[in-house]
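Participant: when you get a sec, could you give me coordinates for this:
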Amino acid sequence: MRVIKAVIAEDEAVLRAELRDGLLRLWPELVVSAEAEDGIEASRALVTHAPDVLFLDIQMPGLSGLEVAKQASGKCHVAFVTAFDKYAIAAFEQGAVDYVMKPFSAARLATTVARLREKIATTPANLDGLLRALADATGSRKEYLRWITASQGNDLRLITVEEVCYFQADNKYTLVVTPERESLIRRPIKELTDELDPQTFWQIHRGTVVNVNAIAGVTRDMGGRLRVKLKQRKETLAVSEPYSHLFRQM
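Facilitator: Numbers count the residues shown, from 1 in each chain. Have a look, this model is predicted:
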């Protein structure tokens with residue numbers, strides 16, 4: 001009997017356990033290789049475990065289910081987990097393997113398992129059409145950058161933008177600075193700035209963009225120029241004159 005590997009990505013622990021237990025009752029040969037409580041963990045589990053099936057919550061912290069689905073497209077079968085009818089219907093009509101509504105129904109889960117069993121030996125669906133439909137269903141609100149991939153030797157490190165204290169230009173590269181470390185990415189800072197939420201990331205210099213949540217305060221140097229003090233880093237960041245208005249109320 002062939003072992004079928006699955007990853008369950010659901011941010012609510014109780015629902016995740018309920019889904020796992022229901023699946024194992026209905027599909028004895030299924031092995032749950034990993035469980036993820038956010039999109040970052042789900043993305044890593046895809047790479048580490050190469051599952052046959054991914055049960056994927058559409059709305060998760062870290063990375064959204066849609067962002068994870070982009071990585072899963074054509075690589076494994078995807079069953080979407082959702083509390084929103086409009087998402088589920090759009091997913092199903094665009095040819096996704098199936099969907100499971102929250103709260104879970106034993107009968108519905110049995111139907112999902114039956115459909116997955118039928119398709120498990122086939123090539124996983126390309127989800128491009130699905131992702132476009134789901135993006136349309138969520139409205140026209142601009143989606144800002146939520147995570148960055150940085151090289152660490154032979155490994156890739158996923159950094160959520162919430163972790164970032166600031167970005168700093170370094171020729172054609174950009175230095176990504178978190179409280180614990182610094183990483184270089186092969187993207188110019190102007191390109192990054194266009195994708196960051198301007199309410200959270202302020203450009204304070206031609207080559208520096210700072211996370212406002214990382215700011216401890218501002219000070220002036222001997223020449224009277226503003227410098228930003230950070231909560232979790234010792235260095236200060238220069239503020240050029242065109243951006244000094246951002247700190248007038250501080």
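Participant: please make it C-alpha for all contacts and neighbour counts, starting now.
Facilitator: OK.
Participant: and the residue nearest the centre of the chain?
Facilitator: Nearest to the geometric centre of the chain sits L63, at 1.5 Å (Cα atoms, centre = their mean).
Participant: that one and R227: what is the separation?
Facilitator: 32 Å (Cα to Cα, to the nearest Å).
Participant: now swap in R233 and tell me
Facilitator: Separation of R233 from R227 (Cα to Cα): 13 Å.
Participant: buried stuff in stretch 176-185?
Facilitator: Buried residues in stretch 176-185, counted by 16 or more other Cα atoms under 10 Å: V176, V177, T178, S183, L184, I185.
Participant: and of those residues, the nearest to T122?
Facilitator: Nearest to T122 among the buried residues of stretch 176-185, counting by Cα to Cα, is I185 at 37.1 Å.
Participant: list the contacts for the closest one?
Facilitator: T149, A150, S151, Y173, T174, L175, V176 (Cα atoms under 8 Å, 6 or more residues apart in numbering).
Participant: between R233 and R227, who's got more neighbours?
Facilitator: Ranked by neighbour count (other Cα atoms under 10 Å), R233 and R227 place R227 first, with 19 against 16.
Participant: and V32, backbone torsions?
Facilitator: As for V32, its main-chain torsions (degrees, to the nearest 10) stand at phi -80, psi 100.
Participant: low pLDDT regions in the chain?
Facilitator: 1, 84-97, 134-143, 249-250 (pLDDT under 70).
Participant: domains in it, by residue range?
Facilitator: Domain assignment for the chain by automatic domain parsing gives 4-137, 147-247.
Participant: please identify the deepest-packed of those.
Facilitator: Most buried of these, by mean neighbour count (mean count of other Cα atoms under 10 Å): domain 4-137, with a mean of 18.
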